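K.L.:
Sharing a model that was predicted from the sequence below.
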Amino acid sequence: MEPVHMSMGVIIFLVVLALAFDFMNGFHDAANAIATVVSTRVLKPHHAVMLATVCNFAAIFIFELKVAATIGKGTIEPSVIDHYVIFGALVGAIAWNIITWYYGIPSSSSHALIGGLVGAAVAKAGFGALISSGLIKTIVFILLSPLLGMVLGSLMLLLMSWVFRSSTPRKVDRWSRRLQLVSASAYALGHGGNDAQKTIGIIWMLLIAAGITGQNEHVPYWVVIACYSAIGLGTAFGGWRIIKLMGQKITKLRPVGGFCAQTGGAATLFFATALGVPVSTTHTITGAIVGVGAARKFSAVRWGLAGSIVWAWVLTIPCTALIAAVFWQVGRLVL
């Protein structure tokens, strides 16, 4: 594949734009890692944010870069990639994140990025630019990750009910608060491991297209460190509107429920990241929270609100694809 000619200024601009998306990803998705531990009052918000920030970055030492490889090489044909496609994809994803953050809607930064890539690539080269195997795997997990979170969250609650069947409510609460620190840390690790790698994949894609690194070479380490740092900083600034929605409005959570939801969600993220599948941490934790609420009492879940969140999920990819297609054309005029 012949390198695409682009100036160093354009490359630097797009790397900074990608890191801005990564920062916003952490900011937008901070609630996913800490909503339950804050809403159950196990940790104060600023302590929870510090914990999630550290764990987001610590994921760099735990997970292989399989998700980055899926994004960088497995979603759209490498020959289609240029600075206009990257620009359109990033602006589409950032715009959707800003819109959903403003209205407090827990949409998926991951699927916003996937939608942006699809929209910009199709605008340039038609549907033949898409790699069906990678996209089908991602689309399957759009449905599978919240379902897995829901099932595992509800099973964890049933398991905890059996383990503590002879214990007093006070003892259950005390142990659940301790365990929730572990589950919150695990979820934040999974969040960092899956989500930071999506931006690594985008920058990797850009560097390959520009001929700075080879198709079969390892992603440069400065890219890995920069992306994990950016998502950690984004989480440090948090997204408090979405925390309230995730932590209390879908269903009322107690510490035992918070632990079960985060454990089920973390297990789903670890599984998906090991397979190299870019999943939505938002979808995953929402499914786990719904599963815990439904296992306790079906009517405890505000199904109308949960349904409106699902509509946001459905609209994310087509909306970001449309925005990205428009900005692909804008990029051709301004870059």
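P.N.:
Here it is on my side, so go on. Residues are numbered from 1 along each chain as shown.

K.L.:
Helices of this protein, residue ranges please.
P.N.:
Along the chain, counting by DSSP state H, helices occupy 8-39, 45-58, 66-73, 83-102, 109-125, 132-163, 169-209, 221-237, 240-244, 255-275, 281-296, 303-334.

K.L.:
now the ones you listed in TSV, with distance to Gln215?
P.N.:
The C-beta positions use only the backbone N, C-alpha and C, and glycine is treated the same way. Listed next are the helices of the chain as TSV, based on distance: least, Cβ to Cβ, whole Å:
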stretch	distance to Gln215
helix 8-39	17
helix 45-58	28
helix 66-73	8
helix 83-102	16
helix 109-125	17
helix 132-163	15
helix 169-209	6
helix 221-237	15
helix 240-244	38
helix 255-275	22
helix 281-296	29
helix 303-334	23
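
K.L.:
need these in TSV with mean neighbour count, can you?
P.N.:
Formatted as TSV, the helices of the chain follow (neighbours: other Cβ atoms under 10 Å):
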stretch	mean neighbour count
helix 8-39	23
helix 45-58	20
helix 66-73	23
helix 83-102	24
helix 109-125	27
helix 132-163	19
helix 169-209	23
helix 221-237	21
helix 240-244	18
helix 255-275	26
helix 281-296	28
helix 303-334	17
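
K.L.:
would you turn those helices into TSV with mean pLDDT?
P.N.:
As requested, the helices of the chain are exported to TSV (pLDDT from 0 to 100):
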stretch	mean pLDDT
helix 8-39	84
helix 45-58	83
helix 66-73	87
helix 83-102	91
helix 109-125	91
helix 132-163	88
helix 169-209	89
helix 221-237	89
helix 240-244	52
helix 255-275	90
helix 281-296	79
helix 303-334	82
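
K.L.:
Not counting its neighbours along the chain, what's nearest Pro45?
P.N.:
Val38 (5.3 Å; Cβ to Cβ, 6 or more residues apart in numbering).

K.L.:
tally of neighbours for the closest residue to Ala209 other than its chain neighbours?
P.N.:
Among residues not flanking Ala209 along the chain, Ile81 sits closest, at 4.2 Å (Cβ to Cβ, 6+ apart). Neighbours of Ile81 under the rule other Cβ atoms under 10 Å: 26.

K.L.:
picking up where we left off before, in this structure the residue nearest to Pro45 contacts Leu51, no?
P.N.:
No. In this structure, Val38 is not within contact of Leu51 by Cβ atoms under 8 Å, at 10.5 Å.

K.L.:
Show the contacting residues for the closest residue to Gly214 other than its chain neighbours.
P.N.:
Nearest residue to Gly214, sequence neighbours excluded (Cβ to Cβ, 6+ apart): Ile208, at 7.2 Å. Counting by Cβ atoms under 8 Å, 6 or more residues apart in numbering, Ile208 makes contact with 1, 72, 78, 81, 214-215.
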